[in-house]
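**Q** sequence plus predicted model, see below.
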Amino acid sequence: MALKIYNSLSNKLEEFVPNKEKEVNMYVCGPTVYNYIHIGNARPVIFYDMLRRYLEFLGYKVNYASNITDVDDKIINKAIDSNKTEAEVAKFFEDAYWDSVEKVGSRKPDMIPHATDYINEMISFINELIEKGYAYSVDGDVFFRVSKIADYGCLSNQVSEDLESGARIQVNSKKESPLDFALWKKTDKGIKWDSPFGSGRPGWHTECVVMNHKLFGTALDIHGGGMDLKFPHHENEIAQFEALYKTHLAKYWIHVGRLDLEGEKMSKSLGNVIYVKNLNNTTDGMVIRALILFAPYRSIISYSEELKNQYQKEYEKWQRAYKQALYTLQYEGLLTDKLDESDINEFKTQMDDDFNVQNVLTLINTIIKSMNTTLRAKDYNTLAIKTNTFKTIMDVLGINLFVEKMSDENLDNYKKWQEARSNKDFETADIYRNKLVEAGIL
Ligand SMILES: [Zn+2]
């Protein structure tokens, strides 16, 4: 079996073969840090973290980069409104972003490039595009000449003519063609940098492509992001990269679907936003993680309280079963690191099939059932293997159940409780039972 991924560039399911054997370079477009993230923004944060964990589970070394866009009109406006510098605004919301990332159980990427650290590289990149005829500067702005790229539209599957008619609404008289996009923006307010084209700031599409090339050269395996970034952001990244390096930016493009709130797009102006920072606690973060992970990743999720409650119940069921099994096995001294090979093979088969998470969910619940059955039947050897298999799969998915082995003190009380029960000394049993309840064990 080999991992198959749906490649947005070819619109086909393709076998995953990275440039280097056993090593994967992955870049995912990160946030523009001017606000808190909502649970819809958290979807790619969760999905690509899971993808990274799964690739690691398969034995790959994963070099995972995700950028921080720390210069943008929205940041500039926020800075002006709040009487702060752009750097202060960006730092504040970046810190808040990492808190949210942690809350939904995702690890930080290995590389976190910040746009403002690459301004010189961006200026040289734009210069080279101008020299080679792929870009032109008009009155302090620099635009990319889309007509020079024959396969423009290859990712979003659109031909230039269609795109042009769609783009006509935003006619910019400075541009040669409505499809041309800004590489450098002349700015009259907020932070700006000097450049041969005049003072201003880089465009977002240029930021990502330059950081990509700096970090990975032409060896990027996976480029990811939300479905809404396909056009124009990713299309424009591809065009710029192709212009200078004569190759497509990434071998595989993976796009994650949106998360709507009861069928409506989450937006601040509609007032229907659920911020990750407002989730009650880490358990809530995990419930959201499960809800997101067990939806087919390319489809739209329609979030509702009902759906959340459903996953809350699932999560509590897993937690209960795992807790009982773990404590019993610890008490019996039968914990193992053996795995049920057939369950693990089934897990891989489903994950390798472009992440067939619904079948993974079925598998998890089948394992839970057999954990409960073997516990009741006191078949502790099987229980031990099933429990370790369950935990291994949950770790790959990054779903933390927040259940640890008992401390020595708790284990001691647990033993005394069991002993008293088997001696039918209910009074003593109650004393230890209470202690265990107090410690959150029972
Ligand atoms: Zn990007």
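**A** Cool, the structure landed.
**Q** write out the residues of the chain neighbouring the ion.
**A** Residues of the chain lying near the ion by Cβ under 5 Å from the ion: 29, 208. Where you see a C-beta, it was placed from the backbone N, CA and C, and this is true even at glycine.
**Q** element containing residue 345?
**A** helix 341-352 (DSSP states H and E).
**Q** report all helices and strands that that helix contacts.
**A** For helix 341-352, the packing partners by 3 or more Cβ pairs under 8 Å, 6 or more residues apart in numbering; DSSP states H and E come out as helix 357-376, helix 380-397.
**Q** nearest to residue 213, out of the ones you listed?
**A** Residue 213 lies closest to helix 380-397 among the helices and strands packed on helix 341-352, at 31.0 Å (Cβ to Cβ).
**Q** residue contacts, residue 433?
**A** Applying Cβ atoms under 8 Å, 6 or more residues apart in numbering to residue 433 gives the contacts 417, 442.
**Q** just how off-centre is the helix or strand hosting it within its chain?
**A** Per DSSP H and E, residue 433 falls inside helix 426-438. For helix 426-438, the separation from the chain centroid amounts to 44 Å (computed by Cα atoms, centre = their mean, to the nearest Å).
**Q** which parts of the longest helix that the chain contains count as buried, going by neighbours?
**A** Ordering each helix of the chain by length in residues (DSSP state H) puts helix 305-332 first. When neighbours are counted by 16 or more other Cβ atoms under 10 Å, the buried residues of helix 305-332 are found to be 308, 311-312, 314-315, 318-319, 321-329.
**Q** from the contact counts, what lies against it?
**A** If you count contacts as 3+ Cβ pairs under 8 Å, 6+ apart, helix 305-332 packs onto helix 282-293, helix 357-376, helix 380-397, helix 408-422.
**Q** and the last one, what's buried?
**A** Put plainly, it is helix 408-422. The neighbour-count check on helix 408-422 (16+ other Cβ under 10 Å) flags 410, 413, 414, 416, 417, 420 as buried.
**Q** now do the longest one
**A** The neighbour-count check on helix 357-376 (16+ other Cβ under 10 Å) flags 357, 360, 361, 363, 364, 367, 368, 370, 371, 372, 374, 375 as buried.
**Q** now the fourth one. Nearest residue, chain neighbours left out?
**A** Taking Cβ to Cβ, 6 or more residues apart in numbering as the measure, residue 363 lies nearest to residue 346, with 5.4 Å between them; neighbours along the chain are not counted.
**Q** any stretches of the chain with poor pLDDT?
**A** 159-172 (pLDDT under 70).
**Q** so where do the helices sit in it?
**A** Using DSSP H, helices in the chain cover 42-57, 73-82, 86-103, 119-131, 160-167, 204-216, 235-245, 282-293, 305-332, 341-352, 357-376, 380-397, 408-422, 426-438.
**Q** what about residue 136, how many neighbours?
**A** 18 (other Cβ atoms under 10 Å).
**Q** separation between residue 53 and residue 106?
**A** According to Cβ to Cβ, to the nearest Å, residue 53 stands 9 Å off from residue 106.
**Q** what residues do those two have in common as contacts?
**A** Taking Cβ under 8 Å, 6+ apart as the contact rule, residue 53 and residue 106 both touch residue 398.
**Q** and the nearest residue to residue 135 once chain neighbours are set aside, what does it touch?
**A** Among residues not flanking residue 135 along the chain, residue 129 sits closest, at 3.9 Å (Cβ to Cβ, 6+ apart). For residue 129, the contacting residues are 135, 144, 183, 240, 243, 244, by Cβ under 8 Å, 6+ apart.
**Q** residue 69 now?
**A** Residue 69 sits next to 30, 31, 32, 33, 115, 204, 207 when contact means Cβ under 8 Å, 6+ apart.
**Q** repeat that for residue 399.
**A** By Cβ under 8 Å, 6+ apart, the residues touching residue 399 are 105, 286, 289, 290, 293, 315, 318.
**Q** just checking, the second one touches residue 394?
**A** No - here residue 286 does not reach residue 394: they are 9.9 Å apart, not a contact under Cβ atoms under 8 Å.
**Q** between these two, which has more neighbouring residues?
**A** Per other Cβ under 10 Å, whichever of residue 286 and residue 394 has more neighbours is residue 286, with 25 against 18.
**Q** neighbours of residue 355, how many?
**A** Residue 355 has 23 neighbouring residues, counting by other Cβ under 10 Å.
**Q** how close does the nearest residue to it once chain neighbours are set aside sit to the ion?
**A** Here the nearest residue to residue 355 in space, its sequence neighbours aside, is residue 297; by Cβ to Cβ, 6+ apart that works out to 5.8 Å. Between residue 297 and the ion the distance is 18 Å, computed by Cβ to the ion, to the nearest Å.
**Q** quick one: contacts for residue 297?
**A** 47, 256, 257, 355, 357.
**Q** look up how far residue 292 lies from the first one.
**A** Per Cβ to Cβ, residue 47 is found 7 Å from residue 292.
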